[in-house]
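In: sequence unknown, structure follows:
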């Protein structure tokens, strides 16, 4: 179930100023060990320890491949890749990595059966706590 809280946009000049929006709320984040324990409850002969070891090795391999300039696709989850944050140089001759590449970023693009449209179809969305509604339109902002 996807839980949300309501918030009011308080950024003056923004087209959504004073409008109310839903923001997803997460109450827990699973690390690889917790994920392994969860996976072991799904009718598998493998122990949480074995699954955790495989997940740790997979993560190390994904990092290795990404640092080698490759993309990694986990079917029905995401395609992981590395992006570059770069400033523009006046010419090819003027460009150098030290000055014009400001950083790298990890990208994950949904793939296969995991997409925005399937998430919307499959998810149940529920308000975490009821918001106290008043006629003034005042409330918490961003």
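Out: Everything's here; your move. What you see is a predicted model, and the numbers here were worked out from it, not measured in a lab. Numbering: from 1, shown residues only.

In: Check the separation of the first and last residues in stretch 5-23.
Out: Length of stretch 5-23, first residue to last, Cα to Cα, to the nearest Å: 5 Å.

In: List the buried residues of it.
Out: Neighbour-count burial for stretch 5-23, with 16 or more other Cβ atoms under 10 Å as criterion, is recorded at 6-8. Yep, even glycine has a C-beta here, placed from its N, CA and C like the rest.

In: Tell me the one of those residues nearest residue 100?
Out: Checking the buried residues of stretch 5-23 against residue 100 with Cβ to Cβ, the nearest one is residue 7 at 37.4 Å.

In: quick one, strands of the protein?
Out: Using DSSP state E, the strands of the chain run over residues 2-8, 20-25, 72-74, 78-86, 101-110, 125-127.

In: Ok, which of those comes nearest residue 50?
Out: strand 72-74 (19.1 Å).

In: Run through who's touching the closest one.
Out: 62, 65-66, 79-81, 111 (Cβ atoms under 8 Å, 6 or more residues apart in numbering).

In: In CSV, list those along with neighbour count and pLDDT.
Out: Formatted as CSV, these follow (neighbours: other Cβ atoms under 10 Å; pLDDT from 0 to 100):
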residue, neighbour count, pLDDT
62, 15, 98
65, 14, 99
66, 17, 98
79, 15, 97
80, 19, 98
81, 16, 98
111, 15, 91
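
In: How far off centre is the lowest-mean-pLDDT helix or strand in the chain?
Out: When each helix and strand of the chain is scored by mean pLDDT, DSSP states H and E, helix 116-122 comes last, with a mean of 84. Here the centre of helix 116-122 is set off from its chain's centre by 15 Å, with Cα atoms, centre = their mean, to the nearest Å.

In: just to revisit the earlier point, export the buried residues of stretch 5-23 to a markdown table and append columns for pLDDT and distance to residue 37.
Out: Formatted as a markdown table, the buried residues of stretch 5-23 follow (pLDDT from 0 to 100; distance: Cβ to Cβ, whole Å):
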| residue | pLDDT | distance to residue 37 |
| --- | --- | --- |
| 6 | 94 | 34 |
| 7 | 92 | 34 |
| 8 | 94 | 39 |
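
In: and which of these is nearest to residue 117?
Out: For the buried residues of stretch 5-23, the nearest to residue 117 is residue 6 (24.1 Å; Cβ to Cβ).
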